[in-house]
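**Student:** just to be clear, the model below is a prediction. Sequence and coordinates:
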Number of protein chains: 2
Amino acid sequence: MELTFLGTGSCYPTPTRGVSCIALKHEAQCWLFDCGEGSQIQLMKSNVKPGRIRKIFITHLHGDHLFGLPGLLCTISQNSSADREPVELYGPVGLRRFIRVALELSRSLLGFNYIVHELVPLDDAIAVAERLPESDKLWQPRHDAEGLCHPNEIPGGRMISCDSSNIWHIGNFGALSIAAAPLSHRVPCFGYCISESEIPGKLNVELLRSKGILPGPLYGKLKNGEAIVAPNGEIVTTEEALGPPTPGRKIVILGDTSESIRITSIAQNCDVLVHEATNEDELQETTIKNGHSTPTMAGQFATKVNAATLILTHVSQRYKTNSSTLGDGEVPVAKLAKQASACFTGKVIVAEDLFCFSIPLKRR
Amino acid sequence: MELTFLGTGSCYPTPTRGVSCIALKHEAQCWLFDCGEGSQIQLMKSNVKPGRIRKIFITHLHGDHLFGLPGLLCTISQNSSADREPVELYGPVGLRRFIRVALELSRSLLGFNYIVHELVPLDDAIAVAERLPESDKLWQPRHDAEGLCHPNEIPGGRMISCDSSNIWHIGNFGALSIAAAPLSHRVPCFGYCISESEIPGKLNVELLRSKGILPGPLYGKLKNGEAIVAPNGEIVTTEEALGPPTPGRKIVILGDTSESIRITSIAQNCDVLVHEATNEDELQETTIKNGHSTPTMAGQFATKVNAATLILTHVSQRYKTNSSTLGDGEVPVAKLAKQASACFTGKVIVAEDLFCFSIPLKRR
């Protein structure tokens, strides 16, 4: 299980920091989180194989998280085999319209099919988004995709949060399940929580041999949770025969946020929290006003959910990794890590483009 | 007058070749031609100032010529002053809808206004575009922008070709005028021809002094084309007093094309012809089928229009500049130049990303 940060900058891409895109590799699959402009170029520089991308989750529809998606789909299409599974896209309502219009007007036919699953934001998130300047009150985005489906589009649905906790239970996909919760931002925005199921313990072969049970079909039964009978008539249960299971890992990837209270419950005890830190603490007031976070806000949230590692991303282009060549108004990026570390005792990393982070299995 | 090639690759961007985008600098202004994904990142690597971009011309609506436009507009907006003139966008019908939907769904408000001028393609170009696979016949792109204008959108118009020669006379803007003509491609596609007006000759100061006319307001009158009276009563005309004018320069930038006959008349005697050469001559059959050109096709067209310099671009990512590290199926890019040179006696250049070409003033 590995995260690759394909773009770590906020607002607009530069040659040193692309805009938001994170790849999560798990076994043979890859899921993407956000797809800002240029993500397909970043992918080529990384060890992520575009052909492995099965699902793409969009946190919100701002351009720096979205504008790379049509191009990425077209490029995946170049190298896709005819039997490729559909690519599933998830994101706030409006995503379907954006993809359909971009593919339609560019007359892009894909070598695979895609499905868009839209998350219907809560009313209060929409209300924030409608707070436009007085002169623009008449301008309300239309979210419904009009016209016929794109020839490669398999009709998808809309998901609402079906419980009072405001969690979107998106689904279970093999060993991974994923849920979303709303964040506070200038437009409806989500954080995603990816949970791996418990990994069963290993068979205690020594114990089984001592009971006269040799490798064969009985071992399979035990692994599947069935009790078996030893040659001496003794019943051997899974609990006895298997070592302790390894807890599944949990990764939380937030979109842009100035306040994340609603994702707290599902984010508890995560192995990795990916949290934006657009600006340093000194700029907290404007940062919050723009719907963003500072390192201290990220660190406090990491403490609240008891994260093991906090990875900061979505960093303003003012923050520079190479502090020996700082220009006017530029600040070393190390400052962000230091500020987050002051209120979070776990590991803090500020992501750079193409940074990979392997999530180790939990030890008991 | 300088061309900067911001993206020179076909189909999809890679770390070594971006997708189509060319900047034309003329005095304090800059015009862009096409805006594929990642063009704004390429701009940052170049000496082109985003704040100087006044007009953007799109040849056709394929993603590798278009998908960078919404992001570029948002990024220009970051650094724009309140009194910035509107940015004018030109391209085939459908451009307005694409921009409006992308800005609307991403809720991008700009720091300046924009106008979209759409070119209405000829019926036969649309007919080619509708030749879709049988299964997709029902899928017809809708080109009309629906709903209200974006708050930064100044209503623009649609331009038709108003003469039998099928030329779109787009306009005269200071010393430059621009016209478009249709090319043959899989979707409606245009080539643009930029013509500079004649540069008036220099005052023959020696002659004027010999007639007793000293520097002052009379010199200005002569420059403006008025005749003046010398102290001895002699009438001095502009023709006498000014040296020979310098002919204006002409630049022709074609979009994707498998056949360019309709732009021949306005492209005659151009200083620079920018022509696509997606694949080498050996692949001519599939290249034409896909609506593209080979170097020989580009060279023959350069000869036909009597171009001084031919710059090849929109090169398949298979062609590599560094021929010492060629992988499987990769070919040195020099092959393309060689093939074009075999049928064109002028200068041939294969553009690389960030390549700049200054167009020298013509000598009489």
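**Tutor:** Yep, it's here.
**Student:** how about the helices in chain A?
**Tutor:** Assignment of helices within chain A using DSSP state H yields the ranges A:39-45, A:63-66, A:69-78, A:95-105, A:123-129, A:205-210, A:217-223, A:238-241, A:264-267, A:284-289, A:295-304, A:334-341.
**Student:** in chain A, where is pLDDT below threshold?
**Tutor:** A:127-139, A:363-364 (pLDDT under 70).
**Student:** on that earlier part again, ok, which of the helices of chain A comes nearest A:Tyr192?
**Tutor:** Of all the helices of chain A, the one in closest proximity to A:Tyr192, counting by C-beta to C-beta, is helix A:264-267 (9.6 Å). The way it works is simple: take the backbone N, C-alpha and C, and place the C-beta from them, glycine included.
**Student:** on that earlier part again, can you put the helices of chain A in a markdown table and add mean neighbour count?
**Tutor:** Formatted as a markdown table, the entries for the helices of chain A read as follows, by neighbours: other C-beta atoms under 10 Å in any protein chain shown:
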| stretch | mean neighbour count |
| --- | --- |
| helix A:39-45 | 23 |
| helix A:63-66 | 27 |
| helix A:69-78 | 23 |
| helix A:95-105 | 24 |
| helix A:123-129 | 15 |
| helix A:205-210 | 12 |
| helix A:217-223 | 15 |
| helix A:238-241 | 16 |
| helix A:264-267 | 18 |
| helix A:284-289 | 14 |
| helix A:295-304 | 23 |
| helix A:334-341 | 20 |
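**Student:** with distance to chain B added, can I get the ones you listed in a markdown table?
**Tutor:** As requested, the helices of chain A are exported to a markdown table (distance: least, C-beta to the nearest C-beta, whole Å):
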| stretch | distance to chain B |
| --- | --- |
| helix A:39-45 | 5 |
| helix A:63-66 | 4 |
| helix A:69-78 | 4 |
| helix A:95-105 | 5 |
| helix A:123-129 | 7 |
| helix A:205-210 | 46 |
| helix A:217-223 | 43 |
| helix A:238-241 | 50 |
| helix A:264-267 | 26 |
| helix A:284-289 | 15 |
| helix A:295-304 | 23 |
| helix A:334-341 | 21 |
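**Student:** those helices: which one's closest to B:Ala82?
**Tutor:** Comparison of those against B:Ala82 by C-beta to C-beta identifies helix A:284-289 as nearest, at 18.9 Å.
**Student:** what helices or strands is the closest one leaning on?
**Tutor:** When contacts are defined as 3 or more C-beta pairs under 8 Å, 6 or more residues apart in numbering or on different chains; DSSP states H and E, helix A:284-289 packs onto helix A:295-304.
**Student:** other residues contacting the helix it packs on?
**Tutor:** Outside helix A:295-304, the residues within contact range by C-beta atoms under 8 Å, 6 or more residues apart in numbering or on different chains are A:258, A:260, A:264, A:273, A:275-277, A:280-281, A:284, A:288, A:293, A:310, A:312, A:336-346, A:348.
**Student:** again, only using 6 Å
**Tutor:** A:Ser260, A:Leu273, A:His275, A:Ala277, A:Asp281, A:Leu310, A:Leu312, A:Leu336, A:Gln339, A:Ala340, A:Cys343, A:Phe344 (C-beta atoms under 6 Å, 6 or more residues apart in numbering or on different chains).
**Student:** tell me which of the residues you listed is nearest to chain B?
**Tutor:** Distances from the contacts of helix A:295-304 to chain B were compared by C-beta to the nearest C-beta; the smallest belongs to A:Ala277, at 19.5 Å.
**Student:** check contacts around the closest one.
**Tutor:** Residues A:Ser293, A:Pro295, A:Ala298, A:Leu312, A:Leu336 are the ones in contact with A:Ala277 under the rule C-beta under 6 Å, 6+ apart.
**Student:** excluding chain neighbours, give the residue nearest to it in space.
**Tutor:** In space, A:Ala277 comes closest to A:Leu312 once its chain neighbours are excluded; the distance is 4.1 Å by C-beta to C-beta, 6 or more residues apart in numbering or on different chains.
**Student:** show me the beta-bridge partners of the one you found.
**Tutor:** Using DSSP bridges, the beta-bridge partners of A:Leu312 come out as A:His275, A:Val350.
**Student:** point me to the residue of the stretch 151-300 of chain A nearest chain B.
**Tutor:** Closest approach between the stretch 151-300 of chain A and chain B, counting by C-beta to the nearest C-beta: A:Pro151, at 4.3 Å.
**Student:** tell me the spacing between that residue and B:Ala23.
**Tutor:** Shown here: A:Pro151 relative to B:Ala23, a distance of 35 Å by C-beta to C-beta, to the nearest Å.
**Student:** you'd agree A:Gln29 is up against A:Arg54?
**Tutor:** Yes. In terms of C-beta atoms under 6 Å, A:Gln29 counts as a neighbour of A:Arg54; the distance is 5.1 Å.
**Student:** from A:Cys270, how far off is A:Ile359?
**Tutor:** Relative to A:Cys270, and taking C-beta to C-beta, A:Ile359 is found at 10 Å.
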